[in-house]
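J.: Give me coordinates for this.
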Amino acid sequence: MRLLTYMVTLSILVASVTAPLQAQSSGAAQSREELLAQQGRQALADGRYPEAEATFVELSKLEPNVAEVHANLGAIYFQEAKFDRAVLELRQALSLKPVLARASTLLALSLSELGQFSEALPGLEKAFQQADDPAIRRMSGLQLERAYTGLGRDREAVEVAFKMDEWYPNDPEVLYHDGKVFGNFAYLTMHKLDVVAPQSVWKHLAAAEAYESQGATELAMTEYRTVLGLSPDHPGIHYRMGKTLLADSHQKGSAAETAEAQKEFELELQSDPTNGNAAYELGEIYRGQSEFEEAGKYFEMALVHYPDFVEAHEGLAAVFIAQQKPALALPELQRAIALDPSSEVSWYRLYQVERSLGKSIEQKKALGEFQRLRQAQANQTATHRMAPQTEVTQQTIDTNGVPEN
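T.: Numbers count the residues shown, from 1 in each chain. The predicted structure is shown next:
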């Protein structure tokens with residue numbers, strides 16, 4: 001069964017059979033062979049592979065020493081997923097004419113499909129490094145990832161995946177296989193960490209973050225506390241504990257857990273006053289409690305160290321809006337939009353500010369951009385596109401007051 005798909009036509013893989021047949025045939029035999037070649041090429045072009053196969057099988061009996069005939073037959077077998085037969089024909093073609101570079105590439109792809117990775121590797125590596133046709137390079141790259149992984153050469157598979165991601169950034173199949181390679185490498189790396197340092201800070205930190213991502217709050221907190229016991233001054237540990245508690249409090253609506261999270265963020269800032277994420281989360285907690293003076297202080301603290309912190313600009317603007325200080329909110333939102341023009345939150349709050357300032361033209365523009373972005377987001381949701389994952393709590397809009405189109 002074919003494990004990969006190929007966005008390429010057979011015509012780019014093998015040479016035409018016309019010239020060799022013209023050179024080697026004469027008289028009545030020439031007409032018969034040329035007729036078969038013409039029929040075979042037409043069947044290939046039309047995608048009628050069984051007919052093309054039958055034609056080139058007959059032609060290979062009449063012209064057993066023409067390399068291009070075997071190359072075309074090998075390409076047909078490859079297209080039909082008859083990889084063992086493809087290997088035989090392609091090897092025959094290359095024994096007759098070793099310079100058939102694309103037949104060599106097709107042989108490597110066929111061997112890889114059969115799981116014969118060691119034999120396939122030289123041809124795949126050469127095609128991936130030297131092919132000037134993007135389709136051939138793409139095919140070779142996909143199989144090279146698979147071959148390296150199959151041979152346990154995971155680091156090299158990752159290197160290929162990085163190249164593939166660079167060359168084919170919007171190709172769904174490439175993204176799928178790259179993701180598998182990256183995921184496999186991450187798993188193996190974590191497994192190695194477990195083997196070489198099972199009681200280390202890093203092992204417990206990795207376990208904690210894994211539990212956190214799964215929403216297993218109690219298990220995550222147990223691991224984070226173990227890290228804290230092993231390394232009381234470990235950078236960011238109180239922030240991670242606070243984030244875990246805060247996420248759980250959002251799900252459960254637990255004020256007690258929010259208070260615990262708040263303490264962890266405060267401890268983080270005591271240890272590292274430059275931790276902008278901890279300052280931001282404290283700002284959000286205080287804003288949620290309508291303690292706007294405290295909220296503003298922490299948002300400003302985050303921005304001192306990270307002036308391009310979009311969410312902090314948005315949070316500080318929200319504080320000024322709540323305090324009925326739209327003139328102070330305006331530059332915060334303008335800065336946020338300059339940093340991230342795709343933020344619905346920034347545009348909506350800018351609409352609120354421009355309305356408060358009585359600027360009807362600017363208000364209309366901000367509202368229009370907000371509505372455009374909201375519709376685009378709705379379309380993305382309809383096609384199941386995932387929202388980007390971020391480190392901090394995201395700013396949100398009170399949907400009760402959102403104007404309709």
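J.: next helix or strand past the helix or strand harbouring Leu245?
T.: Using DSSP states H and E, the secondary-structure element containing Leu245 is helix 237-252. Where DSSP H and E defines the elements, the next helix or strand beyond helix 237-252 is helix 255-271.
J.: how about that next one: buried residues?
T.: Glu257, Thr258, Glu260, Ala261, Gln262, Glu264, Phe265, Glu266, Leu267, Glu268, Leu269, Ser271 (16 or more other CB atoms under 10 Å). Backbone N, C-alpha and C define where each C-beta goes, glycine included.
J.: Give the other helices and strands that it contacts.
T.: For helix 255-271, the packing partners by 3 or more CB pairs under 8 Å, 6 or more residues apart in numbering; DSSP states H and E come out as helix 237-252, helix 276-288.
J.: per-residue confidence averaged over that helix?
T.: The predicted model assigns helix 255-271 a mean pLDDT of 95.
J.: Check stretch 61-77 too.
T.: 90.
J.: I'd like to know which helix or strand in this structure has the lowest mean pLDDT.
T.: Least confident helix or strand of the chain, by mean pLDDT, DSSP states H and E, is helix 18-24 with a mean of 46.
J.: average model confidence for the helix holding Leu245?
T.: Here helix 237-252 scores 92 as its mean pLDDT.
J.: quick one: buried residues of it?
T.: The neighbour-count check on helix 237-252 (16+ other CB under 10 Å) flags 237-249 as buried.
J.: Same question for stretch 120-140.
T.: The neighbour-count criterion (16+ other CB under 10 Å) identifies 120-121, 123-125, 127-128, 131, 136-140 as the buried residues of stretch 120-140.
J.: With pLDDT, distance to Pro50 and secondary structure as extra columns, can I get those in CSV?
T.: What follows is the buried residues of stretch 120-140, written out as CSV (pLDDT from 0 to 100; distance: CB to CB, whole Å; DSSP: H, G, I helix; E, B strand; the rest coil):
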residue, pLDDT, distance to Pro50, secondary structure
Ala120, 95, 27, helix
Leu121, 95, 32, helix
Gly123, 94, 27, helix
Leu124, 95, 28, helix
Glu125, 96, 33, helix
Ala127, 93, 28, helix
Phe128, 94, 32, helix
Ala131, 86, 29, coil
Ile136, 88, 25, helix
Arg137, 92, 30, helix
Arg138, 93, 27, helix
Met139, 90, 23, helix
Ser140, 94, 27, helix
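J.: Would you mind checking which of those residues is nearest to Leu339?
T.: The shortest separation between Leu339 and any of the buried residues of stretch 120-140 is 35.1 Å, and it belongs to Arg138 (by CB to CB).
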